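Undergrad: I would like the atomic coordinates for the input below:
(one chain, ligands or ions: 1)
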Amino acid sequence: MPAETEVLVVGGGPGGYVAAIRAVQLGLDTTLVEREGIGGTCLNHGCIPSKALITATDQVHEITHSEEMGIYAEPYLDIPELFAWKDTVVDDLTGGIANLLRRKSVTLVDGTATFASETSATISQADGETVTLDFEHAILATGSRPIELPGFNFGSDPILDSRQALATDRVPDRLVVVGGGYIGMELSTMFAKLGSAVTVVEMLDDIMPAFPAHLVDPVREHATELGIDCQFGLAADHWEETADGIEVVAENQSGESESFDCDAAVVAVGREPVTDTVNLPAAGLDPGENGFIETDDQGQTDVDSIFAVGDVAGEPMLAHAATSEGVVAAEQIAGEEPTPPSTTPAIVFTDPEVSSVGLSEREAEDAGYDPLVGHFPFSASGRALTAGDTAGFVELVASGDTGRVLGGHVVGPEASELVGELTLAVEGGHDIPDLAELVHPHPTLSEAIGESAENALGQAINTTNKR
Ligand SMILES: Cc1cc2nc3c(=O)[nH]c(=O)nc-3n(C[C@H](O)[C@H](O)[C@H](O)COP(=O)(O)OP(=O)(O)OC[C@H]3O[C@@H](n4cnc5c(N)ncnc54)[C@H](O)[C@@H]3O)c2cc1C
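TA: Here you go, the predicted structure:
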């Protein structure tokens, strides 16, 4: 453990560990302190375990819903084995990253970093030793944790947060998910496919409010087909034990109570920044009104020596945003003057998947554009038909004046992969003819992007040119 370092990174999630590697690549002596597990929420309790389980449950669902293809199967699902496999995926990745950090000469410390001043921190190491570490710059990447709803204490089984829901290998017969945001809907879909009877209790009048309604419609419709009962306009208030489980009691907008019997409840009503572990006042840091650390585009806080990246610095609270911010902060500290990306894609791994980058049609109008919109339904895609997965569409939003692509949105198969091309189009300043003229390989889902661009130009080949 050194007494001083050029860059102290606090937190080893996708924001912190990537910032540390970039800082070392740029020749900066870097120390990364992580108190729990390298990889942070994303690798240990979020993106990776959820996507492992979602992929597995998708496979089971697909194979049991392929009669149309002449496939009749009754797979046996060993739940403890499935969850154990998920743990090996997490361990492989986190172990790999810890090795990578060591090989790249990042000084890795197992402990908790607490600011002592603008340029020093107290490190309480896992082995019980406490040392002071002086730094020239610090990158705060302490992430976020689930918001605890009054009346729903996470410590008390059967009330689970997302982390506990992904860790337990118990599949409740009846599950209430409080919160229909992206985490709530991913978990609802996963548990429904594992066999739980799922009820979503949501305060607003739809799921996934961060996305335009027409992107969410196919997800809500298919959730209903999967047996997920979405209850809107209800604020979860408390839970009580019953003779055969628990009931979640919620209040509607008129103040009347409604209750939902279940065996367990997952509460996923949002995430709050983790700042209480670092003693912000000692460094002269003052969080904004909502508790997040405010920064400029390069991640610099009000304190010259301290940067903040990832969830602790607020929306978009996504792993790839944290990574990108970590790289930018490290480069700024190294004097590189990086230009941060102008847009960040968002993905939801529901069934169907949803992905979105840049402006929606409404946002483009609000920004003063007369948008040109292109649309292509997967029901007209050869590849989607061959995969038996035709729900959803690709939508492109462009400037009506210049044709420049402002946004791209996908609901449907592999939306999470297709958004890569759309992100390049938006970030790279490409226009609709670029996408229309690009030769997309056949038969692939990516053809839907080209077709959508042709639709925007009124030149669609495989559809009638109507939206
Ligand atoms: C269920 C779930 C699913 C998700 N799925 C996706 C997805 O599919 N795609 C996506 O992009 N995002 C997803 N996310 C969000 C993603 O996990 C976060 O955006 C991402 O982890 C943020 O990275 P971070 O580096 O800012 O913080 P984190 O990953 O939260 O890491 C912060 C780290 O800081 C450590 N720490 C805190 N205080 C200290 C201290 N004082 N000293 C030392 N260490 C400290 C913590 O132990 C933690 O390891 C998901 C989240 C959840 C909960």
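
Undergrad: List the buried residues of stretch 165-172.
TA: For stretch 165-172, a neighbour-count test (16 or more other CB atoms under 10 Å) marks 165-167, 171-172 as buried. Backbone N, C-alpha and C define where each C-beta goes, glycine included.

Undergrad: mind putting these in TSV, secondary structure, distance to the ligand and pLDDT included?
TA: Output for those, formatted as TSV (DSSP: H, G, I helix; E, B strand; the rest coil; distance: CB to the nearest ligand atom, whole Å; pLDDT from 0 to 100):
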residue	secondary structure	distance to the ligand	pLDDT
Ala165	helix	8	96
Leu166	helix	6	97
Ala167	helix	11	94
Val171	coil	17	95
Pro172	coil	17	97
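
Undergrad: Show me where this structure dips below the pLDDT cut-off.
TA: By pLDDT under 70, the low-scoring segments of the chain are 466-467.

Undergrad: which parts of it sit against the ligand?
TA: By CB under 6 Å from any ligand atom, the part of the chain that sits against the ligand consists of 10-16, 33-37, 40-42, 46-47, 50-51, 112-113, 141-144, 162, 183, 274, 277-278, 310-312, 317-320, 322, 349.

Undergrad: biggest helix in this structure by residues?
TA: For the chain, the longest helix by residue count, based on DSSP state H, is helix 79-103.

Undergrad: Can you name the next helix or strand after it?
TA: Later in the chain than helix 79-103, the nearest helix or strand by DSSP states H and E is strand 107-117.

Undergrad: what packs against that following strand?
TA: Strand 107-117 sits against strand 4-10, strand 30-34, helix 79-103, strand 120-125, strand 130-140, with contacts defined as 3 or more CB pairs under 8 Å, 6 or more residues apart in numbering; DSSP states H and E.

Undergrad: Out of these, which is the most enclosed?
TA: strand 30-34 (a mean of 27; mean count of other CB atoms under 10 Å).

Undergrad: Which strands or helices does whichever helix or strand comes after that one pack on?
TA: Elements were assigned by DSSP H and E; along the chain past strand 30-34, the next helix or strand is helix 40-45. If contacts are counted by 3+ CB pairs under 8 Å, 6+ apart, helix 40-45 sits against helix 79-103, helix 162-167.

Undergrad: Confirm Leu445 sits in a strand?
TA: No - Leu445 is assigned coil when assessed by DSSP: H, G, I helix; E, B strand; the rest coil, not a strand.

Undergrad: list the contacts for it?
TA: 378, 381, 383-384, 412-414, 417-418 (CB atoms under 8 Å, 6 or more residues apart in numbering).

Undergrad: which one of the helices and strands packed on strand 107-117 lies closest to Gln253?
TA: helix 79-103 (38.1 Å; CB to CB).

Undergrad: Check the offset of that closest one from the chain's centre.
TA: Distance of helix 79-103 from the chain centroid (CA atoms, centre = their mean, to the nearest Å) equals 19 Å.

Undergrad: Which other helices and strands does that helix contact?
TA: By 3+ CB pairs under 8 Å, 6+ apart, helix 79-103 packs against helix 16-25, helix 40-45, helix 47-63, strand 107-117.

Undergrad: Rebuild those as JSON lines, extending it with distance to Phe260.
TA: Shown next, in JSON lines, are the helices and strands packed on helix 79-103 (distance: least, CB to CB, whole Å):
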{"stretch": "helix 16-25", "distance to Phe260": "39"}
{"stretch": "helix 40-45", "distance to Phe260": "26"}
{"stretch": "helix 47-63", "distance to Phe260": "22"}
{"stretch": "strand 107-117", "distance to Phe260": "39"}
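
Undergrad: Throw these into TSV and include mean neighbour count and distance to Asp229, thanks.
TA: Formatted as TSV, these follow (neighbours: other CB atoms under 10 Å; distance: least, CB to CB, whole Å):
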stretch	mean neighbour count	distance to Asp229
helix 16-25	26	39
helix 40-45	25	27
helix 47-63	18	18
strand 107-117	20	42
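
Undergrad: out of these, nearest to Asn153?
TA: helix 40-45 (18.5 Å).

Undergrad: list the contacts for Glu454?
TA: 374, 436, 460-461.

Undergrad: if you set the cut-off to 7 Å instead, what comes out?
TA: Counting by CB atoms under 7 Å, 6 or more residues apart in numbering, Glu454 makes contact with 436, 460-461.

Undergrad: quick one: which of those is nearest Glu240?
TA: Ala460 (55.9 Å).

Undergrad: OK, contacts around the closest one?
TA: 451, 454.

Undergrad: switch to 8 Å and redo it
TA: Applying CB under 8 Å, 6+ apart to Ala460 gives the contacts 376, 451, 454.

Undergrad: That one should be in a strand, yeah?
TA: No - according to three-state DSSP, Ala460 belongs to no strand; its state is coil.

Undergrad: Of the contacts of Ala460, which is the nearest to the ligand?
TA: Using CB to the nearest ligand atom, Phe376 comes nearest to the ligand of those, at 25.0 Å.

Undergrad: what about the closest one, which SS state?
TA: strand.

Undergrad: neighbours of it, just the number please.
TA: By other CB atoms under 10 Å, 26 other residues sit near Phe376.

Undergrad: Please tell me how far it sits from Thr390.
TA: 12 Å (CB to CB, to the nearest Å).

Undergrad: How about Glu36?
TA: For Glu36, the distance to Thr390 (CB to CB) stands at 43 Å.

Undergrad: Gly382 too?
TA: Gly382 sits 10 Å away from Thr390, going by CB to CB.

Undergrad: Tell me the helices and strands packed up against the helix or strand hosting Gly407.
TA: Element membership of Gly407 [criterion: DSSP H and E] is strand 405-412. Where contact means 3+ CB pairs under 8 Å, 6+ apart, strand 405-412 is packed against helix 213-225, strand 353-358, helix 361-366, strand 393-399, helix 415-427, helix 432-437, helix 447-456.

Undergrad: would CSV of those with distance to Gly27 be doable?
TA: Below are the helices and strands packed on strand 405-412 laid out as CSV (distance: least, CB to CB, whole Å):
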stretch, distance to Gly27
helix 213-225, 44
strand 353-358, 33
helix 361-366, 41
strand 393-399, 41
helix 415-427, 28
helix 432-437, 38
helix 447-456, 40
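
Undergrad: Find the nearest non-adjacent residue to the residue of the stretch 351-467 of the chain found nearest the ligand, please.
TA: For the stretch 351-467 of the chain and the ligand, the shortest gap (CB to the nearest ligand atom) falls at Ser416, measuring 8.3 Å. Among residues not flanking Ser416 along the chain, Ile347 sits closest, at 4.6 Å (CB to CB, 6 or more residues apart in numbering).

Undergrad: OK, contacts around Thr295?
TA: Thr295 neighbours (CB under 8 Å, 6+ apart): 301, 307-309, 313.

Undergrad: Which of those sits closest to the ligand?
TA: Distance ranking of the contacts of Thr295 against the ligand, using CB to the nearest ligand atom, places Val309 first at 6.5 Å.

Undergrad: measure that closest one to Glu437 for me?
TA: In terms of CB to CB, Val309 sits 38 Å off from Glu437.

Undergrad: what do you get for Asn44?
TA: Distance of Asn44 to Glu437, given as CB to CB: 44 Å.
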